[in-house]
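J.: coords please:
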Amino acid sequence: MKAVSLEKEIGSTSYPGRGIVLGRTADGAKAVIAYFIMGRSENSRNRIFAQTEDGIKTEAFDPSKLVDPSLIIYSPVRVLDDKTIVTNGDQTDTIYNLMSQQLTFEQALRTRGFEPDEPNYTPRISGIVKCAEGKMNYALSILKSADGNPDCCERYTYAYDAPLAGLGRFIHTYMGDGNPLPSFEGEPTLVEIENDTIDVFADKIWNALDSDNKVSLFVRYIDIATGEYESKIINKNK
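T.: From the prediction side, this is the model:
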């Protein structure tokens, strides 16, 4: 697989849905995490990312307009020891709680399935990054229906040991716009990760997202040697 431009990949469709990018800067010094959400309905667009002690949570921008919080209000990012968990739903808490009980990332996700939002059956996408003793690794997962058939849940986990500098992987919920929305297909896309500052990197992703549908973006850089991190949030609703 040849690495492609992250900006071009994100901008290739008006509605990739929710997306996770994990990777390593070109100098090899930092682990990179990005998570974005998009929305087509008023309920989905009525959201912001709010900072928590170790990550973020989604909140209603205008609480009076919140219709159904079940699939849009959750904690996308949490930290467990030297591991950072990022997902597109409340499976963040499932992973956090079950890994605290010594289950693996993959075992924790075996207790979950795709979202029950017929007819889309939105995939649950999840990632985890570990930085310890000057090394990093990461994994991505997708739980999806069988080409729109909810009778079968397909489970895929992709693990990347000692990721190469300057490269990342990008996974998102939908292949593009549609009704119903078509679920992501194939292996997470190999993308280029440069030595941008966190602000420049975040701006590149934000500007590549469709202006009508983008809602919020979170980016975190983790120093692999020290474990220290810096984060950035961009919300369309301010």
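J.: which SSE is Tyr138 in?
T.: Under the criterion of DSSP states H and E, Tyr138 resides in strand 135-146.
J.: strands paired with that strand, and their directions?
T.: Strand 135-146 has the following strand partners under DSSP bridges: strand 124-132 (antiparallel), strand 149-161 (antiparallel).
J.: what lines up beside the helix or strand following the last one in the sheet?
T.: Tracing the chain past strand 149-161, the next element assigned as helix or strand by DSSP H and E is strand 167-172. Taking DSSP bridges as the criterion, strand 167-172 forms sheet pairs with strand 19-24 (antiparallel), strand 189-192 (antiparallel).
J.: pull the longest one out as CSV, backbone CA atoms only.
T.: So the one you mean is strand 19-24. Provided in CSV are the C-alpha atoms of strand 19-24 (Å, rounded to 0.1, in the frame of the first residue of the first chain):
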residue,chain,number,x,y,z
GLY,A,19,-12.6,9.5,11.6
ILE,A,20,-9.5,8.4,13.5
VAL,A,21,-5.9,9.0,12.5
LEU,A,22,-3.1,7.4,14.4
GLY,A,23,0.6,7.6,13.4
ARG,A,24,4.1,9.0,14.1
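J.: pull out the buried positions in the strand holding Tyr138.
T.: 136-145 (16 or more other CB atoms under 10 Å). Using the backbone N, CA and C atoms, a C-beta is placed for each residue, glycine as well.
J.: go through the strands paired with strand 135-146 and pick out the most buried.
T.: strand 124-132 (a mean of 23; mean count of other CB atoms under 10 Å).
J.: now do that strand, average pLDDT.
T.: The average of the pLDDT scores along strand 124-132 is 98.
J.: which residues are contacting it?
T.: Residues from elsewhere that reach strand 124-132 (CB atoms under 8 Å, 6 or more residues apart in numbering): 18-20, 22, 31, 33, 82-89, 91-92, 95, 105, 109, 112-115, 136-144, 171-173, 184, 222-224, 227.
J.: in a helix, Ser44, correct?
T.: Yes. Counting by DSSP: H, G, I helix; E, B strand; the rest coil, one finds Ser44 located in a helix.
J.: SS state for the residue nearest to it when sequence neighbours are not counted?
T.: In this structure, Ser44 finds its nearest non-sequential neighbour in Ile72, 6.0 Å apart by CB to CB, 6 or more residues apart in numbering. Classification of Ile72 using three-state DSSP returns coil.
J.: so Ile72 sits against Arg45, correct?
T.: No. In this structure, Ile72 is not within contact of Arg45 by CB atoms under 8 Å, at 9.8 Å.
J.: ok, Tyr35 to Ser70 distance?
T.: 19 Å (CB to CB, to the nearest Å).
J.: identify the residues contacting the residue sitting nearest the centre point of the chain.
T.: Closest to where the C-alpha atoms of the chain average out (CA atoms, centre = their mean) is Ile20, at 2.8 Å. By CB under 8 Å, 6+ apart, Ile20 lies in contact with 33-35, 86-88, 125-127, 140, 170-172.
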